[in-house]
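# using only what follows, build the 3D model:
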Amino acid sequence: MNIFPALIVVVVFFFVLVIVLILGLFEYSKKRLEHKQILAAMEKGIPLSELKPPKPQPVGPSWIRYISVGVALIVAALVLFFLFSGLNPGGIVIAILIGTGVAWTIRGLLHRKYELKSQQAD
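Now for the predicted structure:
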């Protein structure tokens, strides 16, 4: 019995886990520092509106981005399907990509429909 493929899978999962943990610790320390700054500002009497800048508004309609991502995921899944010629163990990845692409495309179409209705109401 060859243990080499199982060892590769364990190493890959280990590296993914390490990357996720590092990113989580970085995000945690960033939020902790932000919380300390907010508390210090509150103690000094500075209003929170001056501490945090407002979030920038998205440029252009969001439905275009959703449809573009959905179509790109579907195309990537079809390329992988034809590249690996059928359903093999990578078929699960292909199915996930197609499902996610379809979901993003539907989300974009629904956002487009809602934005068009809200523009007509104005």
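
# and stretch 66-85, what's buried?
Residues of stretch 66-85 classed as buried under the neighbour-count rule (16 or more other C-beta atoms under 10 Å) are Tyr66, Ile67, Val69, Gly70, Leu73, Ile74, Ala77, Phe81. (Glycine included, C-beta is placed from N, CA and C.)

# the fourth one is in contact with Val102, isn't it?
Yes - if you go by C-beta atoms under 8 Å, Gly70 and Val102 touch, sitting 6.8 Å apart.

# for the helix or strand harbouring His35, which helices and strands make contact with it?
Taking DSSP states H and E as the definition, His35 sits inside helix 4-44. Applying 3 or more C-beta pairs under 8 Å, 6 or more residues apart in numbering; DSSP states H and E, we find helix 4-44 packed against helix 48-51.

# following the chain onward from the helix it packs on, which element is next?
Using DSSP H and E, the first helix or strand after helix 48-51 is helix 62-83.

# what's the average pLDDT for the next helix or strand after that next one?
Per DSSP H and E, helix 62-83 leads on to helix 91-121 as the next helix or strand towards the C-terminus. Summarised as a single mean, pLDDT over helix 91-121 is 83.

# coming back round to it: export the buried residues of stretch 66-85 to a markdown table and tack on pLDDT and distance to Val9?
Below are those laid out as a markdown table (pLDDT from 0 to 100; distance: C-beta to C-beta, whole Å):
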| residue | pLDDT | distance to Val9 |
| --- | --- | --- |
| Tyr66 | 89 | 34 |
| Ile67 | 91 | 35 |
| Val69 | 91 | 29 |
| Gly70 | 92 | 30 |
| Leu73 | 89 | 25 |
| Ile74 | 90 | 28 |
| Ala77 | 85 | 22 |
| Phe81 | 79 | 23 |
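
# which one of those residues is nearest to Ile3?
Proximity of these to Ile3 (C-beta to C-beta) peaks at Phe81, which lies at 30.5 Å.

# that closest one and Leu110: what is the separation?
To Leu110, Phe81 is 26 Å away according to C-beta to C-beta, to the nearest Å.

# which residue packs closest to Val93, ignoring adjacent ones?
Setting aside the residues directly before and after it, Val93 is nearest to Leu80 in space (C-beta to C-beta, 6 or more residues apart in numbering), at 7.0 Å.
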